[in-house]
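# Next comes the sequence, and after it the predicted model I'd like to discuss.
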Protein chains: 2
Amino acid sequence: MTTPVDLEDLAEITDMCGALSDQTRWEILRLIGVEALSASELAQRLPITRQAIARHLGVLAEAGLVETEHAGRQLRYRALGGRLSELARHLETIGRGWDRRLERIRSIAEEQASRD
Amino acid sequence: MTTPVDLEDLAEITDMCGALSDQTRWEILRLIGVEALSASELAQRLPITRQAIARHLGVLAEAGLVETEHAGRQLRYRALGGRLSELARHLETIGRGWDRRLERIRSIAEEQASRD
DNA sequence: CGTTACTGCAACCTACTAGTTGCACCTGGA
DNA sequence: TCCAGGTGCAACTAGTAGGTTGCAGTAACG
């Protein structure tokens, strides 16, 4: 079980979005979203070096988007879908907040206009 | 009405996440999520120059997260909550996909184990 | 019609990031 | 016990991103 982080911090949202703002990292996530893979295994399937991949995995791990699993002498990573859903829920809430406030302002403006 | 972009492209997701990976841009979004503001007005409320803010607004506009409105001689920006919700729905779908596949693999493994 | 306030563009600096190469260090298997 | 495959750390380079200053353009308001 992963610790249930509530993702209140703005810094945590920006970190996760930063981790998700790189196409190479999405390639990695796509692969380890299907099955757990090590950095070396990922390096065989992607056109960059193992070290670069390891650093990407570090970024993803710091954002909480992956978890690790030891398998013999290798360290396998898997993508955490629940974490992504958590971010999605927060963005949804914020987005609805923006539209709600603007609608309220708009309705006030219309009310004002109809009064004149 | 904004054009209904379906956000299929991976590049579009990475662009939006990139736009949302900066704390200053979140400050801007928070302000123009309440009321439409111009770059100059934002510069009065934030500790950076108008030019820096204008560039942030450019990034946000390219990601489709803001829309503009002319008011006299100034150009006001407002945050588009629907666009953020759109991104949220896609992330939610992707996240569920990861967990679903891993659960399937896990259940297959358990089935295999129970068969022996 | 002139002035003033707001926008837009360009150059520059600094810091960070994605990528590389190279090497040291384990640790598991024959 | 050896060694080979896997991981981790460090240094270096090129490109990009956030910030600044400065100036040119333009359109609204008195």
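Yep, it's here. Computed from a predicted structure; not experimentally measured.
# Give me the neighbour count for residue A:44.
9 (other CB atoms under 10 Å in any protein chain shown). No exception for glycine: its C-beta is placed from N, CA and C like everyone else's.
# What are the contacting residues of the helix or strand harbouring it?
Here residue A:44, judged by DSSP states H and E, is contained in helix A:39-45. The contact list for helix A:39-45 (CB atoms under 8 Å, 6 or more residues apart in numbering or on different chains) reads A:28, A:31-32, A:49-50, A:53-54, A:57, A:74-77.
# if we go to 10 Å?
The contact list for helix A:39-45 (CB atoms under 10 Å, 6 or more residues apart in numbering or on different chains) reads A:27-28, A:31-32, A:35, A:37-38, A:48-58, A:74-77.
# chain center to it, what's the gap?
Distance, stretch centre to chain centre, for helix A:39-45: 22 Å (CA atoms, centre = their mean, to the nearest Å).
# after that helix, next one along is what?
helix A:50-62.
# Packing partners of the following helix or strand past that next one?
As assigned by DSSP H and E, the chain's next helix or strand after helix A:50-62 is strand A:66-71. Packing partners of strand A:66-71 (3 or more CB pairs under 10 Å, 6 or more residues apart in numbering or on different chains; DSSP states H and E): helix A:23-34, strand A:37-38, helix A:50-62, strand A:74-79.
# Redo the ones you listed as JSON lines? Include mean neighbour count.
Shown next, in JSON lines, are these (neighbours: other CB atoms under 10 Å in any protein chain shown):
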{"stretch": "helix A:23-34", "mean neighbour count": "19"}
{"stretch": "strand A:37-38", "mean neighbour count": "22"}
{"stretch": "helix A:50-62", "mean neighbour count": "17"}
{"stretch": "strand A:74-79", "mean neighbour count": "20"}
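# Just put those in TSV and tack on distance to chain B and mean pLDDT.
Formatted as TSV, the helices and strands packed on strand A:66-71 follow (distance: least, CB to the nearest CB, whole Å; pLDDT from 0 to 100):
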stretch	distance to chain B	mean pLDDT
helix A:23-34	4	97
strand A:37-38	12	97
helix A:50-62	11	98
strand A:74-79	5	96
